[in-house]
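Undergrad: sequence-free structure coming up:
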């Protein structure tokens, strides 16, 4: 997947650069080069951010589920196996991989570290540390640590949901502004008859449009990524 995105970025950047040169406008050429070079990577990272965000949101339920099964079984490996049917779908592949590694007699510490690195969140690393200490016999009972982590996660998730509501309000306002600006374009052209020719058939107008489109697309994607990241 990264190789495909890299290929698309290079092809798009070269195509945009050549298109700008054919128009005889260096600013348009550089703007299209930067836009088409960054766009596939930003879109991929935005998708990755959404997927990781969903996994982290499901991780609260994952740990709570594991804690309940561990409380009744008092066996870490058995608790992982028993929770498969109720495991959140976003984390089921990671859970099955972890169970298979533990069942095959692999390095449990390494397997849990890999599990945490795939989520790339402090909660996951804390969970891996607690479970590893239980598997290696450093801690006889990890129930208290799991309960503490679960409580902390749900408190922070509630705070994040409050922030999300604020971010959604900002996004709605931003979308309304964009719609209003787009609707004002025909009105602007009706007032300034020469504006269409100015922006589309002159070098300065094409340069302004290309810069505006580049900044607009990149800003929207960066704002989306920032808004969706999970602390």
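TA: Structure received. All of these numbers come straight from a predicted model, not from anything done at the bench.

Undergrad: which non-adjacent residue is nearest residue 10?
TA: Spatially, and ignoring its direct neighbours in sequence, residue 10 is nearest to residue 37 (7.7 Å; C-beta to C-beta, 6 or more residues apart in numbering). From N, CA and C alone the C-beta is placed, and that goes for glycine too.

Undergrad: quickly find the element holding the one you found.
TA: Taking DSSP states H and E as the criterion, residue 37 maps to helix 26-73.

Undergrad: quick revisit: report how many residues lie close to the residue nearest to residue 10.
TA: Residue 37: 18 surrounding residues under other C-beta atoms under 10 Å.

Undergrad: so it touches residue 9, yeah?
TA: Yes - applying C-beta atoms under 8 Å, one finds residue 37 in contact with residue 9, separated by 5.2 Å.

Undergrad: flag the shaky bits of this protein, pLDDT-wise.
TA: 1-3, 5-6, 8, 12-13, 16-17, 20, 106, 189, 191-193, 227-231 (pLDDT under 70).

Undergrad: let's check: the centremost residue of it is which one?
TA: Most central in the chain under C-alpha atoms, centre = their mean is residue 49, positioned 0.5 Å from the mean C-alpha point.

Undergrad: make sure that one is actually in contact with residue 225.
TA: Yes - contact status for residue 49 versus residue 225: in contact at 5.3 Å, counting by C-beta under 8 Å.

Undergrad: which stretches of the protein form helices?
TA: 2-22, 26-73, 76-82, 92-103, 108-119, 122-135, 143-191, 195-201, 203-228 (DSSP state H).

Undergrad: deepest of these, which one?
TA: Each of those was scored by mean neighbour count; the highest is helix 122-135, a mean of 20, by mean count of other C-beta atoms under 10 Å.

Undergrad: what angle separates that helix from helix 108-119?
TA: Counting by axes from the mean of the first three to the mean of the last three C-alpha atoms, to 10 degrees, helix 122-135 points 170 degrees away from the direction of helix 108-119.

Undergrad: tell me what helix 122-135 is packed against?
TA: Packing partners of helix 122-135 (3 or more C-beta pairs under 8 Å, 6 or more residues apart in numbering; DSSP states H and E): helix 26-73, helix 76-82, helix 108-119, helix 143-191.
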